[in-house]
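Undergrad: Got a predicted structure here, sequence first:
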Amino acid sequence: DNGSSRAASTVALRRLCEKLGARIETQVVAASLRHSDKANVEELGGVKASLLEEVLESEGAMLAGEVTVLPLFLGPSRQVTSGIVRAVQEAEEKMGVECKVASHLGYGDEGVAMLAGMLVEEVEGVLDREGLGKADVV
């Protein structure tokens with residue numbers, strides 16, 4: 001993701017990566033492009049947040065040999081089209097790590113439809129839990 005200096009954002013990203021990894025039976029590492037390295041380490045359980053560049057240039061990435069970057073962005077933002085690409089190129093040059101970059105989430109019409117379908121239950125649950133009921137506009 002893009003990253004945040006707020007620890008809660010990194011904690012949420014870590015939970016998402018853990019659950020995704022369990023579902024796809026592959027290690028999924030939480031990494032942000034920027035900002036998360038400023039999050040309070042104590043609020044992160046004593047484990048510093050990782051930036052994408054650090055993860056791609058780590059010993060773990062070298063040992064893996066091949067790394068796939070899955071951008072957690074909803075559109076082709078500048079960070080997707082240049083920030084991630086730059087981090088990947090630098091890691092490949094410095095570390096010899098082979099990196100693949102997947103399309104951002106919600107890529108194309110089918111991706112948007114799939115994301116919307118996945119979010120329906122969550123959005124309805126939030127509206128219900130918070131007593132907001134059905135709205136004319138969300």
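TA: Structure's in. What do you need? Residues are numbered from 1 along each chain as shown.
Undergrad: Give the bridge partners for residue 69, please.
TA: Beta-bridge partners recorded for residue 69 (DSSP bridges): residue 101.
Undergrad: And the contacts of the longest helix seen in the chain?
TA: Longest helix in the chain by number of residues, with DSSP state H as the criterion: helix 108-129. By C-beta atoms under 8 Å, 6 or more residues apart in numbering, the residues outside helix 108-129 that reach it are 74, 103, 105, 106, 132, 133, 134, 135, 138. Backbone N, C-alpha and C define where each C-beta goes, glycine included.
Undergrad: Among these, list the two that are farthest apart in space.
TA: 103 and 133 (35.7 Å; C-beta to C-beta).
Undergrad: who's more crowded, those two?
TA: The neighbour count for residue 103 versus residue 133, taken as other C-beta atoms under 10 Å, is higher for residue 103 (13 against 7).
Undergrad: So how do I select the buried members of the contacts of helix 108-129 in ChimeraX?
TA: Applying 16 or more other C-beta atoms under 10 Å to those leaves a buried subset, and the ChimeraX line that selects it is:
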select :105,106
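Undergrad: now, among the contacts of helix 108-129, which is nearest to residue 28?
TA: Looking across the contacts of helix 108-129 and measuring by C-beta to C-beta, the closest to residue 28 is residue 105, at 13.5 Å.
Undergrad: these two touch, right, the closest one and residue 74?
TA: Yes. Between residue 105 and residue 74 there is a contact under C-beta atoms under 8 Å: 6.1 Å.
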